[in-house]
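Peer 1: test case, fold it:
(chains A and B)
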Number of protein chains: 2
Amino acid sequence: MKVIQRNDVIYKFKAEMPAVERVNPGEIFKVITNDCFFQQVFREDQVLTEIDYSRLNPATGPIFVEGAEPGDLLKVKILSIEVATKGVAAVVPKEGVLGNKVSKPIIRVISINDGCCDFDGIKIQARPMIGVIGVAPAKEDGEWATDSPWKHGGNMDTTDICQGSTLYFPVRQEGALLALGDCHAVMGDGEVCFTGLEVPGEVILQVDVIKGKATTWPLLETHKATMIIASGDTLDHAIHEATNQAVDHLKHSLNLEWENAYMLASLSVDLKISQVVDPKKTVRASIPKSILSTEKLIRSI
Amino acid sequence: MKVIQRNDVIYKFKAEMPAVERVNPGEIFKVITNDCFFQQVFREDQVLTEIDYSRLNPATGPIFVEGAEPGDLLKVKILSIEVATKGVAAVVPKEGVLGNKVSKPIIRVISINDGCCDFDGIKIQARPMIGVIGVAPAKEDGEWATDSPWKHGGNMDTTDICQGSTLYFPVRQEGALLALGDCHAVMGDGEVCFTGLEVPGEVILQVDVIKGKATTWPLLETHKATMIIASGDTLDHAIHEATNQAVDHLKHSLNLEWENAYMLASLSVDLKISQVVDPKKTVRASIPKSILSTEKLIRSI
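Peer 2: Presented below is the predicted three-dimensional model:
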């Protein structure tokens, strides 16, 4: 199994990026990821302003997927996520939903053992997830720092990007150019204080290429649903995008009038908050598989 | 068992409302509810503008709970929700997330049989919920039309307000003055087109009074979590309120420094969208019981 090491990183998703590895459709490979601080924060008495800010949010890659061409969909199945036995959370004045109430930065180093995060004796079940994962954007979409989510993926900070889930990215460049990092051992929907439990990780992925099926935003398949992950300057913008796409998928897949698809979405699609603290906000519109299978949804694109 | 009939309704939650029935703490009773249109819409060829708009969003009640006084918490356990065998959904130009794309109003009458809603042959599992439920507000909070959510409850349109859940309302007036209506046979989180599957219903409730434990916003207890249901002019406002309350509950219940409680919320509390289409938007901050039990949370208020 190929292993992509954590020193091969990018800090921007852009159209042209030199690939550090090449994989074939169907191939299973391992990606070693850094935490969002590039492991610079490891003691509670560190001064956060003294770390190298140019090394925040590294994404390991990019990985060239043979046969992936603009207009295709890159399928990325998350076979497993293993995280380190220690992670870091932090609060910083002005950051997060309640940043105006934070008087001073605080770092917490939190141990993770047997799937359990120990926060001062409070046990939180670990639910490892990938914070940053994406592909090269279209040239006209510009460059995207890895701390931001957008149509190429990026810092989507979505709890359902976890073991057993499958992502589908619109391929915009030859080889797709996949990169990922910023795993969290656990995070609540919203990521309200602006960090999850930030950890280095080892992610095993399997990629595939679906020819000629481009979407606007990444899709995420879980056991129960297909989700459109959309971002925007505000939550309202993100919700508008995600809902619009969900209604279009229902319309085309189920052969409905648009108004009926809109109504069906109101009855069956769940809008879920991913994160509200990054440069752009992210939500997901979750279409239950009991209404529409992922396969049928993708077939109708 | 006392039965409160569906002709006894209010259209505004306000400080002074004549009670239509009185119940004791611990008492189990049935409330017959109207759909949000007061059953005026029942054919697909009806003209929506011709219905009586003064009769929208009726809430059955108010019900006086003996012993409930300002500063208490009213506990309302939802023992069951039975809905009619037919419901109504609708789209209207300008309404909902994508209202600008709706060219004409459309009404759909949808049958509900054996727990299944039939939308043109698409089967949606019914998940009955209460759209409007609340108590008399504080006098200084003014009057609230039943189509709006606020600190008294009201049109919270929250899918988790379902059988098996328990609501906790801050009592602002003698007897609490509970009223409810607007059941949905099913609805997605967000209620994106502005209606769920609107149905008349029969709700069996059990009330209790917890003395001297006032909250700012209603709480909702499910099998797995305690949720703060907060509303605001924007989603951001609602999220700020819900997060702030969740962090305060974690701080007081678990005896944490505020900054640690904020961090713990980021790792464990899920922000969930309730609805994005009413005059005010509603979210819920969900604190898992594995971190903090509802009982302990309420004890520390």
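Peer 1: show me what contacts the nearest residue to residue A:104 once chain neighbours are set aside?
Peer 2: If the residues on either side of it in the chain are set aside, residue A:104 comes closest to residue A:93, at 6.9 Å by CB to CB, 6 or more residues apart in numbering or on different chains. Every C-beta, even on glycine, is put in place using the N, C-alpha and C of the backbone. The contact partners of residue A:93, by CB atoms under 8 Å, 6 or more residues apart in numbering or on different chains, come to A:99-100, A:102-105.
Peer 1: helix/strand/coil for residue A:93?
Peer 2: coil (DSSP: H, G, I helix; E, B strand; the rest coil).
Peer 1: now swap in residue A:195 and tell me
Peer 2: On the basis of three-state DSSP, residue A:195 is classed as coil.
Peer 1: residue numbers of the stretch 101-250 of chain A in contact with chain B?
Peer 2: A:101-104, A:106, A:108, A:117, A:119-120, A:122-125, A:159, A:186-197, A:234-236, A:239-240, A:243-244, A:247 (CB under 8 Å from any CB of the partner chain).
Peer 1: ok, now with 6 Å
Peer 2: A:106, A:119, A:124, A:186, A:188-193, A:197, A:235, A:240, A:243 (CB under 6 Å from any CB of the partner chain).
Peer 1: filter these down to the ones in strands?
Peer 2: Taking DSSP state E as the definition of strands, those contribute A:106, A:119, A:124.
Peer 1: so which pair among the contacts of residue A:93 is furthest apart in space?
Peer 2: A:100 and A:105 (14.2 Å; CB to CB).
Peer 1: out of these two, which sits in the busier spot?
Peer 2: residue A:105 (15 against 10; other CB atoms under 10 Å in any protein chain shown).
Peer 1: just the pLDDT for the more buried one.
Peer 2: Looking at residue A:105, its pLDDT is 94.
Peer 1: how about the contacts made by residue A:188?
Peer 2: Residue A:188 is in contact with B:268-270, counting by CB atoms under 6 Å, 6 or more residues apart in numbering or on different chains.
Peer 1: tell me which of those is nearest to residue A:174?
Peer 2: Lowest distance from residue A:174 to these (CB to CB) belongs to residue B:270, with 38.7 Å.
Peer 1: quick one: the closest one from residue B:211, how far?
Peer 2: 30 Å (CB to CB, to the nearest Å).
Peer 1: between the two, point out the one with more neighbours.
Peer 2: Applying other CB under 10 Å to residue B:270 and residue B:211 shows that residue B:270 carries more neighbours, namely 21 against 11.
Peer 1: quick one: contacts for the closest residue to that one other than its chain neighbours?
Peer 2: Using CB to CB, 6+ apart and skipping the chain neighbours, the partner closest in space to residue B:270 is residue A:189 (4.0 Å). By CB under 6 Å, 6+ apart, residue A:189 lies in contact with A:159, A:273, B:270-271.
Peer 1: with residue A:153 instead?
Peer 2: Counted by CB under 6 Å, 6+ apart, residue A:153 has contacts A:133-134, A:169, A:218.
Peer 1: turn the residues you listed into JSON lines, including neighbour count, pLDDT and secondary structure.
Peer 2: Shown next, in JSON lines, are those (neighbours: other CB atoms under 10 Å in any protein chain shown; pLDDT from 0 to 100; DSSP: H, G, I helix; E, B strand; the rest coil):
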{"residue": "A:133", "neighbour count": "33", "pLDDT": "99", "secondary structure": "strand"}
{"residue": "A:134", "neighbour count": "29", "pLDDT": "99", "secondary structure": "strand"}
{"residue": "A:169", "neighbour count": "27", "pLDDT": "98", "secondary structure": "strand"}
{"residue": "A:218", "neighbour count": "30", "pLDDT": "98", "secondary structure": "coil"}
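Peer 1: ok, so of those residues, who is nearest residue A:254?
Peer 2: Using CB to CB, those come closest to residue A:254 at residue A:218, 21.7 Å.
Peer 1: show me what contacts the closest one?
Peer 2: Going by CB under 6 Å, 6+ apart, residue A:218 touches A:153, A:167, A:169, A:229.
Peer 1: tell me the domain boundaries of chain A?
Peer 2: As given by automatic domain parsing, the domain ranges for chain A are A:3-214, A:220-299.
Peer 1: can you pull out the strands in the stretch 1-150 of chain A?
Peer 2: With DSSP state E, counting those that start in this stretch, the ranges of strands along the stretch 1-150 of chain A come out as A:3-4, A:9-10, A:12-13, A:21-23, A:28-33, A:59-65, A:73-83, A:86-91, A:106-113, A:116-119, A:122-125, A:129-134, A:144-145, A:149-150.
Peer 1: winner for burial among the ones you listed?
Peer 2: strand A:129-134 (a mean of 30; mean count of other CB atoms under 10 Å in any protein chain shown).
Peer 1: quick check: angle from that strand to strand A:28-33?
Peer 2: Angle of strand A:129-134 versus strand A:28-33, following axes from the mean of the first three to the mean of the last three CA atoms, to 10 degrees, is 100 degrees.
Peer 1: so what secondary structure elements neighbour strand A:129-134?
Peer 2: Under the contact definition 3 or more CB pairs under 6 Å, 6 or more residues apart in numbering or on different chains; DSSP states H and E, strand A:129-134 sits against strand A:153-155, strand A:176-184.
Peer 1: quick check: buried residues in stretch A:235-243?
Peer 2: Buried residues in stretch A:235-243, counted by 16 or more other CB atoms under 10 Å in any protein chain shown: A:235-236, A:238-243.
Peer 1: my guess is residue A:129 meets residue A:182, correct?
Peer 2: No: the criterion here is CB atoms under 6 Å, and residue A:129 misses it with residue A:182 at 9.4 Å.
Peer 1: just the strands in the stretch 151-300 of chain A please.
Peer 2: Secondary structure of the stretch 151-300 of chain A by DSSP E, counting those that start in this stretch: the strands cover A:153-155, A:166-170, A:176-184, A:198-199, A:201-210, A:219-221, A:225-232, A:270-275, A:281-288.
Peer 1: can I get those in CSV with distance to residue A:18?
Peer 2: What follows is those, written out as CSV (distance: least, CB to CB, whole Å):
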stretch, distance to residue A:18
strand A:153-155, 19
strand A:166-170, 19
strand A:176-184, 9
strand A:198-199, 27
strand A:201-210, 19
strand A:219-221, 27
strand A:225-232, 26
strand A:270-275, 29
strand A:281-288, 28
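Peer 1: skip the chain neighbours and tell me the closest residue to residue A:152.
Peer 2: residue A:137 is the one closest to residue A:152 (CB to CB, 6+ apart), at 3.9 Å.
Peer 1: please name the residues that touch that neighbour.
Peer 2: A:13, A:144, A:152, A:172.
Peer 1: need the CA coordinates for stretch A:253-260. PDB is fine.
Peer 2: The C-alpha trace of stretch A:253-260 is given here as PDB (Å, rounded to 0.1, in the frame of the first residue of the first chain):
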ATOM      1  CA  SER A 253     -33.500  11.700 -10.000                       C
ATOM      2  CA  LEU A 254     -37.200  11.200  -9.300                       C
ATOM      3  CA  ASN A 255     -38.500  13.000 -12.300                       C
ATOM      4  CA  LEU A 256     -40.600  15.500 -10.400                       C
ATOM      5  CA  GLU A 257     -41.800  19.000 -11.200                       C
ATOM      6  CA  TRP A 258     -39.500  21.500  -9.500                       C
ATOM      7  CA  GLU A 259     -42.200  22.700  -7.100                       C
ATOM      8  CA  ASN A 260     -42.900  19.200  -6.100                       C
END
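Peer 1: run through who's touching the longest helix seen in chain A.
Peer 2: Secondary structure of chain A per DSSP state H: the longest helix is helix A:235-254. With contact meaning CB under 6 Å, 6+ apart, helix A:235-254 is reached by A:228, A:230-232, A:258, A:261-262, A:264-265, A:269, A:271, A:281, A:283, A:285, A:287, A:292, A:296-297, A:300, B:97, B:192, B:235.
Peer 1: if any of these are buried, give me the ChimeraX selection for them.
Peer 2: This is how ChimeraX selects the buried members of the contacts of helix A:235-254, with burial counted by 16+ other CB under 10 Å:
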select /A:228,230,231,232,258,261,262,264,265,269,271,281,283,285,287,292,297,300 /B:97,192,235
